[in-house]
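A.B. asks: Following is a predicted model, sequence given first.
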Amino acid sequence: MNSSQNASGTKFSLKSLSRIFSGSEQILIVCIVALCALIAIINPIFFSMDTVFDMLRTSVVVGIIAIGVGLVMINGGVDLSCMSIAIFAGYTSTRIFVALDLQEPMILMFLIGIAIGASLGFLNAVFIAFFKIPIFIATLGAGVIYQGIMLQFIGHIYVTPAHMPSGALALADNTVLGGLHVSVFILISLLVLTHLLLRYTMVGRGIFAMGGSLISAQRAGYNVKRLNIMLYTFAGAMYAIGGVIHVSVTRFADPSQLVGTELVVVSSVVLGGVSIVGGRGSMLGVFLGTLLTILIRNNLVLMGVSSDWQAFVFGLVLICAISLQAYQRNRAQKKLA
Amino acid sequence: MKGSICVMSDNVIELKDICKSFYGVQVLKNINMHIKAGEALCIAGENGSGKSTIIKIISGVHPYENGEVVINGTVYKSITPSQSISEGIQVIYQDFSLFPNLSVAENIGLSYHLQKRKSGFSRKICNEIAQKSLEKIGVEMNLDMLVENLSVAQKQIVAIARAIMQDAKLIIMDEPTTTLTKIEIERLYEIINGLKKSGVAVIFVSHKLDEIFAVCDRVFVIRNGEVVADDPVDEFEQEKLAYYMTGSNIIEEKQPPVKTDGEYVFEVKNLACREYFKNISFGVRQGEILCLTGRLGSGRLELAKSLFGALPATDGEIFLNGKKISVRNITEAISNGIAYVPEDRLSEGLFLDATIRNNLSAVVLNRLKKKFGILRERDKEKLSTEWIEKLSIKARSGDPGHSLSGGNQQRVVLAKWMASNPALFVFNCPTVGVDVKSKFEIHTLIKNMVKEGVAVVMVSDDIGEILYNSNRVLVIDGGEITFESDTQDLTYESLSKKITKGA
C-alpha cells in the first residue's frame, strides 16, 4: 500500500505541474494576446498605448461588478441583481448629491453608494439564507424589485452633465501617465484586496468551501448564514462602486442604464474560468475574462467585423469557454476512473 | 448544559438509559452503552434499528429525552454538536464530507482553523497540521492534491486524518468499508488498529459480519431500538449475530445444479470488449442462477454491462433461446427480453421522485399504450397493484420512490423489470449495502423468480451470497474466465482461494 501511495504521489505532482500550465488563466492570456495580435495585423491603428489605456478604462465598471459576481459564483450561486444594485447606488448617490447641492467630495458619493449597495446585497442574502429561495430566482426577482423601487421612489429623471456634481466630472477627466484613467487603479486595488481576502481569510476560504460542498461546510462548523450575509453584502458594495464610477465617467446618471447587461458580467466571469457550479475561480481570471469580453465586444469593429457579428462571435467564444471547462472536468473524472 | 458532577471512570463515553422518539414513535429504549479508550466497538443492527440515531445522539445532532451522556467523566443532560466535537468526538460520515475543490492540506487544516476560531487562514499551518495528522496514521500523501482527484480510499484517509487532527478521543465510522476494495479495507483495519493502540476509541458501524470479527473488540447489537446483545467479539458466532440482528434464524441452503440436459436460454460465444474482457463463452439454462465473480477490475462488471448493452461488446455473439441477437444498446437489450438491475438501486434503477405506479410502468410503456400513444392511469394502476401484491411491496402505488425503504425500493426495481416478462435477468451486486434481513428477502425473491423459468446472471463479490444463491459460478480474472464450477462442489475457502488466486 505504501509503495502504491508513493507511486501515485509522483504521478500527482506531475499532474499538478501540468495543471499550472493548462490553467484557465494561461489559456486566457494566450487568447487575449492572439486576438490583439490579429486585430493589430489587420488594423495597425490598434497597436498603441492609447488602445491599451482605453481598453483598461472600458473594463473598469464591468470588472468591478465582475468581482462581486465572481465571488458569488465561486460560492456556488449567480447574482442577476448586480446591475440593478449598481445603477441603484450610482443613480441614487448622484441624486442625493444634486438634491443637497453638493459638488464634492467624491469619497462621500462613493460611501453613500456603498452603503446603498451593501444594504441591497444584505437583503439578497436574507432572501437566500433565511427564506431559502433558490439563488437564481431570488436575485432575478430582487433585481426587478430594486429597479422598481428606484424608479418609483427616487425617480427617473436624467441627471445631465450640466448638473452632475463637479467631483464626478473631475473623476471622469482624471488621467495619469498620459491617458491612463485613475479608475483603473480602483479596479486593480479592489481585485488585489479581494484576492487577499479569498486567500488569507477564513471567510474567503469559506466561500470556496461552500462552493465545493455546502453540507461539508456546515458539518465542518462554518456558520453558513453569516457567510452568505458577508458575501452578498460585500458583493453589493462592489456593484455600488462600479455603479458610481459608471455614472461619473459617463457624466450622465440615467436610471435605466446598465440594467439588462447582467449577462455581460456573468459571461466575463465564466470566461475568466470561474466554475458555473462553484468552488473554483480566481480574481486574476475574473480580470482577464473581463478584458477578453471587452476586447471582443468593443474592438472587433477594428477588424471590420460588423456589430451584429460581434454578438455572434461573443456567444461562440462563451460556448467554447464553457465547453472547455466541461471537457477538462470530464477528462479529470475519466482519469480517476 | 454541562453537568457539574464528575464521575471517575475509564470510559471515554457512556450512555445511560437513553430514550428517543420521533413523532411519538420510540426509536431508542433505555440504551446503555459504554466504550473504553483504545477499544473498538461495533454497532450492528438492521436498517432502521436505531444505530444511526445513537450516533447522532453522541454527536449532538439529535437531542435525547431521557437519560444522560457521560463523556470523559462529565455528565451531560443534553449536548450540542460543538460540545461533542470539543470533547474529542469525531464522526466520519459515509460521504466523508470533504471539499472536493480544496487540497488535501486545506481539507484537514480548515477544520483546525475553524475549531481555533481563527479569522485568518494560513497555508503553512494547514500543511503542518495535515502532515502531522497523516504521519499519525502512517500514510504519505501529496498535500497539494485536490481531493476530487483522489480515490475513494484516499478520500477516506483524508477524512480520518481530519478527524484525528485534534486530540480525538472517539472516532465514529459510519459503514466505512462500503466503497473500498479488499486491499483498501485491510489498510483501513491497520489504521484502526493503530488508532486503538494510541488510545483512541473507535465505534464502527457495519452490518458486514466478517468485518465486525476482523476489527472489533466488542459487538453491540440493537434491534427495534433495544440492546439485544453487548458482548466481547470472541464470544460471538456469525450465526448468532445474524440471529440477534433479525430476531429469527436465517438458514440458507445451497442451490443444486440445474439438470444439464436443459437447453441454454442465453448463451454468449467469444465475447470481447476493448481492454475489459475477451474470449468469454458461457451459457445459462432455464431456472438457473449463474454467478460472475472476480476481483475489482477483473472485468466482471463490464461483462455484465455488455450483456445489457450498456457497454456494447466489440466482438463475439450473443444467443437468446438459440437465436442470435444483437445487443448494441440498452433499447435492443430490452426489446430482446434482457433485464438489468443495477448495483446502486437508488440512483440507477429507480425514478426517486416518480410514483411507484409510474416507476412500474416505465419499462412496459409500449405494451400499456393505447391508440395514438395515449396512456391510461387505469392501466398503470392495475399493473402496479398487481406487482405490489405479488412482491409484497410495503407501499401504495401513489407513493413516491424516495419514500420507500431500501428493500422495498429494490423490489420496485425488480417488479418493474419482471413486468416486461424478460427471459434473462442480469443482477449487478444485488445486495450491496443491504442489511441481513433484506438481503435474505432479496435472495428469496430471486430464487422464486427462477422457479418461474427465467434465467439469471448475477454479479457478486459476496462469497456467502454466491455459495447459497447460485447454481453455478464463473470466476473472471484479467478479463477471462479462469474457473467454473457448480456451487455445490465448493466451500467458502476453496472459492475464496480461486478468486484471490492472482492477488
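C.D. replies: Right, received. Where do you want to start?
A.B. asks: C-alpha only now, for contacts and for neighbours.
C.D. replies: OK.
A.B. asks: and stretch B:156-170, does that touch chain A?
C.D. replies: No: using Cα under 8 Å from any Cα of the partner chain, stretch B:156-170 never reaches chain A; the gap is at least 10.1 Å.
A.B. asks: For that stretch, could you pull out the residues that count as buried?
C.D. replies: The neighbour-count check on stretch B:156-170 (16 or more other Cα atoms under 10 Å in any protein chain shown) flags B:156-166, B:168-170 as buried.
A.B. asks: Among the residues you listed, which are located in helices?
C.D. replies: Within these, residues falling in helices by DSSP state H are B:156, B:157, B:158, B:159, B:160, B:161, B:162, B:163, B:164, B:165.
A.B. asks: Adding pLDDT, write the buried residues of stretch B:156-170 out as CSV.
C.D. replies: Listed next are the buried residues of stretch B:156-170 as CSV, based on pLDDT from 0 to 100:
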residue, pLDDT
B:156, 86
B:157, 87
B:158, 91
B:159, 89
B:160, 87
B:161, 88
B:162, 89
B:163, 86
B:164, 83
B:165, 81
B:166, 73
B:168, 84
B:169, 88
B:170, 91
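A.B. asks: after the least confident helix or strand in chain A by mean pLDDT comes which helix or strand?
C.D. replies: The weakest-scoring helix or strand in chain A, judged by mean pLDDT, DSSP states H and E, is helix A:2-21 (a mean of 44). Going down the chain from helix A:2-21, the next helix or strand is helix A:24-42, by DSSP states H and E.
A.B. asks: Could you check how far that next one is from the centre of its chain?
C.D. replies: Put simply, helix A:24-42 sits 20 Å off its chain's centre (Cα atoms, centre = their mean, to the nearest Å).
A.B. asks: Output that helix in PDB, but only the C-alpha positions, please.
C.D. replies: What follows is helix A:24-42, C-alpha atoms only, in PDB (Å, rounded to 0.1, in the frame of the first residue of the first chain):
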ATOM      1  CA  SER A  24      -7.600  28.800 -17.400                       C
ATOM      2  CA  GLU A  25      -5.500  31.900 -16.800                       C
ATOM      3  CA  GLN A  26      -2.800  30.800 -19.200                       C
ATOM      4  CA  ILE A  27      -5.400  30.000 -21.900                       C
ATOM      5  CA  LEU A  28      -6.900  33.400 -21.400                       C
ATOM      6  CA  ILE A  29      -3.700  35.200 -21.700                       C
ATOM      7  CA  VAL A  30      -2.900  33.300 -24.900                       C
ATOM      8  CA  CYS A  31      -6.400  34.100 -26.200                       C
ATOM      9  CA  ILE A  32      -6.100  37.800 -25.400                       C
ATOM     10  CA  VAL A  33      -2.600  38.100 -26.900                       C
ATOM     11  CA  ALA A  34      -3.600  36.200 -30.000                       C
ATOM     12  CA  LEU A  35      -6.700  38.300 -30.500                       C
ATOM     13  CA  CYS A  36      -4.800  41.500 -30.000                       C
ATOM     14  CA  ALA A  37      -2.100  40.400 -32.500                       C
ATOM     15  CA  LEU A  38      -4.800  39.500 -35.000                       C
ATOM     16  CA  ILE A  39      -6.500  42.900 -34.700                       C
ATOM     17  CA  ALA A  40      -3.200  44.700 -34.900                       C
ATOM     18  CA  ILE A  41      -2.200  42.900 -38.100                       C
ATOM     19  CA  ILE A  42      -5.500  43.800 -39.800                       C
END
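A.B. asks: Show me which parts of it are buried, residue by residue.
C.D. replies: For helix A:24-42, a neighbour-count test (16+ other Cα under 10 Å) marks A:24, A:25, A:28, A:29, A:32, A:35, A:36, A:39, A:40 as buried.
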